[in-house]
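Trainee: sequence below, structure please.
(2 chains)
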Number of protein chains: 2
Amino acid sequence: VRPVQSVGWSADRRALRILDQRLLPGEVRYRDIASIEVLCEAIVTLAVRGAPAIGVAAAIGIAVAARATPHSDFPAFRRWLETTLPHVRSTRPTAVNLAWALERLSRAASAATSVEAAVGVLELEAQRILDEDRAMCEQIGRHGMLLLPPNARVLTHCNAGALATAGIGTALAPVYCAAAEGSIARVYACETRPLLQGSRLTAWELSRAGIPVTVITDGMAAALMARGDVDVCLVGADRIARNGDVANKIGTYALAIAARQHNIPFYVAAPSSTIDATTVSGRTIPIEERSAVEITRVVGEFPDGIDVWNPAFDVTPCAFVTAIISDAGVHRPPFDFAA
Amino acid sequence: VRPVQSVGWSADRRALRILDQRLLPGEVRYRDIASIEVLCEAIVTLAVRGAPAIGVAAAIGIAVAARATPHSDFPAFRRWLETTLPHVRSTRPTAVNLAWALERLSRAASAATSVEAAVGVLELEAQRILDEDRAMCEQIGRHGMLLLPPNARVLTHCNAGALATAGIGTALAPVYCAAAEGSIARVYACETRPLLQGSRLTAWELSRAGIPVTVITDGMAAALMARGDVDVCLVGADRIARNGDVANKIGTYALAIAARQHNIPFYVAAPSSTIDATTVSGRTIPIEERSAVEITRVVGEFPDGIDVWNPAFDVTPCAFVTAIISDAGVHRPPFDFAA
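Mentor: Okay, here's the model as predicted:
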């Protein structure tokens, strides 16, 4: 089974087409998005999510909105683009792929001298970002599968699969490649509170692809490792600092500590666009804090007088990372991702 | 505000009265239980939960059922008791307080020579177990509060509070005692998936007592420690082996590893009845596995082909435990709880 396509163009290429991840696994519904407002809402509400997929979605979304813009004079169009890019950028502060994709659009459009030329160039660049994302996933898969033992039992967190990219995923790319050779015994998917991307998304896309998957709660991972049931940990990243510190879904750091305790390799897989050489270390990565409702919702009525802390990401210090797998290859410590 | 009373006798002492914890925090409803079948159902479904509270509830529940038993001849009554005790015991395999309470009932009744005498002795013993549990909680609180720094920021897991005992709790007893002297800055309550005892129960009982509490997901604890926001970890226990290995709610072990990584003291608080000198180490503690539905429920429709692992407890090796706080005092490693 081919992994699902979660982000791309609509058939007439007038809209961004996304698989609405808020409805999974109960409902598989695609949505066509043609306006910046709807694009931003889709990103903020996690209808589209996963650092690479957000970058691709933003690029396509802006390209189709540019095509539909009513501005026929070029200065007005440029002003529209100059306000639109930071507006879209502000939707998710932690992931760096979004900033990177928008920067590529900005640079591509900078040489244009007409609305028509700029729109054409934006569409071309968005397509390139999509194509490159797919290729990067494949390369991550090829590099990463060499790190997996035969019949690997892989623990992963959140969703860094086909649903988080335009291709076969980042953390799950080595899993798909190894599974194609019959070499994946099982994937353990941490459910990933509060938004359950593991139990809702990773479990869904892996089971759909016929790969054995077991869902556990986040607090069970260390106990699973203690049983000897995990060969490797494999997670994605939303931003990797120059020194190899990794910002990823909240809960990743706890897994890295537990993996170290049990001598289990802890691999981070991400496209090169996730590496931010201008961020010296994880300490300066902004961590998005999200609504308390994401946590309290499952309880129903949450009494007054109870506080909630809901950071979307944490930072795993580079010392806990066995290797970083990118499209460029396998990076081992000490990490130094120069600009 | 006095901590809530979660388990005791009904006003006419003809029933066990419990606060139904399945309905919290949305609804505060007490239930009177007078039959063994309903008692077992209440324990299995976690209407009453927490190792000490289960022991107390079982003792009172059996005493009131004994009073109501139709057996007027003593041999028939003894046979009833001899089948009832193991039946109740089988409801929760991990907690040792339940077995301990039932053993006390069995021993107390063994000298009786009439139904009336046996019933009287069972009632007396159940009351003793209740009174001793309250006293043990107070002593744990007094011993434990000395381990807390001024204005302590305490991280706890699951619920080891008033809702888990007949008194002021085990892990939360030092918190209540220190809070009475104005020395608790904040309690961080891990929500404790899958059954959310932290966000449903601990947050409720602490906020009700006016103690500042912040709910986090289990995966956030390590990130919170990395920020320097946790002074001590304080958890309960369902069984403590002779060597100091601690079986407690799933997720405890992950917290212990993270606490060690951040040089944060990791304290386990439990009444002496939780210490099982006949269990040499954690390796032989049976770990209850519960229904997958407890995990999948929050996702709604869970597609076929996805496995779930749902152990209710994990074992934290004694090497990760800074000290064990019991009613007898503060125990430091190396632990050796001789019979």
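Trainee: dump the C-alpha coordinates for stretch A:242-249 into CSV.
Mentor: The C-alpha trace of stretch A:242-249 is given here as CSV (Å, rounded to 0.1, in the frame of the first residue of the first chain):
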residue,chain,number,x,y,z
ARG,A,242,23.2,24.4,14.7
ASN,A,243,24.6,22.3,17.6
GLY,A,244,22.1,19.5,17.0
ASP,A,245,19.6,20.4,19.7
VAL,A,246,16.2,19.2,18.5
ALA,A,247,12.8,20.9,19.0
ASN,A,248,10.1,18.3,18.4
LYS,A,249,6.6,17.5,19.8
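Trainee: now do it, average pLDDT.
Mentor: Taken as a whole, stretch A:242-249 carries a mean pLDDT of 98.
Trainee: list the contacts of residue A:202.
Mentor: A:156, A:158-159, A:161, A:163, A:172, A:187, A:189, A:192, A:213 (C-beta atoms under 8 Å, 6 or more residues apart in numbering or on different chains). Backbone N, C-alpha and C define where each C-beta goes, glycine included.
Trainee: residue ranges of the helices in chain A, please?
Mentor: Using DSSP state H, the helices of chain A run over A:36-44, A:51-68, A:74-89, A:96-110, A:115-145, A:173-180, A:197, A:203-208, A:221-226, A:252-261, A:293-296.
Trainee: returning to that earlier point: looking at the contacts of residue A:202, which are in strands?
Mentor: A:156, A:187, A:189, A:213 (DSSP state E).
Trainee: can you name the residues bridging to the last one?
Mentor: For residue A:213, the beta-bridge partners are residue A:187, residue B:306 (DSSP bridges).
Trainee: interface residues of the stretch 1-150 of chain A facing chain B?
Mentor: Proximity of the stretch 1-150 of chain A to chain B (C-beta under 8 Å from any C-beta of the partner chain) is limited to residues A:25-26.
Trainee: in the stretch 1-150 of chain A, what residue is nearest chain B?
Mentor: residue A:26 (4.4 Å; C-beta to the nearest C-beta).
Trainee: just checking, that residue touches residue A:204?
Mentor: No. Assessed by C-beta atoms under 8 Å, residue A:26 is found out of contact with residue A:204, at 9.7 Å.
Trainee: ok, these two, which is more surrounded?
Mentor: residue A:204 (27 against 13; other C-beta atoms under 10 Å in any protein chain shown).
Trainee: ok, so what distance separates the spatially closest residue to the more buried one that is not a sequence neighbour from residue B:166?
Mentor: Excluding its sequence neighbours, the residue lying closest to residue A:204 (C-beta to C-beta, 6 or more residues apart in numbering or on different chains) is residue A:25, at 4.0 Å. Remark: distance between residue A:25 and residue B:166 (C-beta to C-beta, to the nearest Å) = 43 Å.
Trainee: residue A:257 now?
Mentor: To residue B:166, residue A:257 is 36 Å away according to C-beta to C-beta.
Trainee: could you find the closest non-adjacent residue to the residue nearest to the spatial centre of chain A?
Mentor: In chain A, the centroid-proximal residue (C-alpha atoms, centre = their mean) is residue A:50; its distance is 2.4 Å. In this structure, residue A:50 finds its nearest non-sequential neighbour in residue A:164, 2.3 Å apart by C-beta to C-beta, 6+ apart.
Trainee: who are the contact partners of that neighbour?
Mentor: With C-beta under 8 Å, 6+ apart, residue A:164 has these contacts: A:6, A:49-53, A:170, A:236.
Trainee: and the contacts of stretch A:332-339?
Mentor: In contact with stretch A:332-339 (C-beta under 8 Å, 6+ apart) are residues A:240-244, A:275, A:277-278, A:318-319, A:321-324, A:331.
Trainee: now, among those residues, which is nearest to chain B?
Mentor: Nearest to chain B among the contacts of stretch A:332-339, with distances taken as C-beta to the nearest C-beta, is residue A:319, at 10.6 Å.
Trainee: can you read off the pLDDT for that closest one?
Mentor: pLDDT, residue A:319: 98.
Trainee: am I right that residue A:174 is in contact with residue A:147?
Mentor: Yes. Look at residue A:174 against residue A:147 with C-beta under 8 Å: they come within range, at 7.0 Å.
Trainee: looking at the two, which one has more neighbours?
Mentor: residue A:174 (28 against 18).
Trainee: considering the contacts of residue A:202, which is situated nearest to residue A:39?
Mentor: Set against residue A:39, the nearest of the contacts of residue A:202 by C-beta to C-beta is residue A:163 (17.7 Å).
Trainee: that older thread, among the ones in strands among the contacts of residue A:202, which one has the most neighbours?
Mentor: residue A:189 (32 neighbours).
Trainee: what residues does it make contact with?
Mentor: A:156, A:198-199, A:202-203, A:206, A:213-216.
Trainee: in those residues, find the pair that's most separated.
Mentor: Across the contacts of residue A:189, no pair lies farther apart than A:206 and A:216, at 13.7 Å, counting by C-beta to C-beta.
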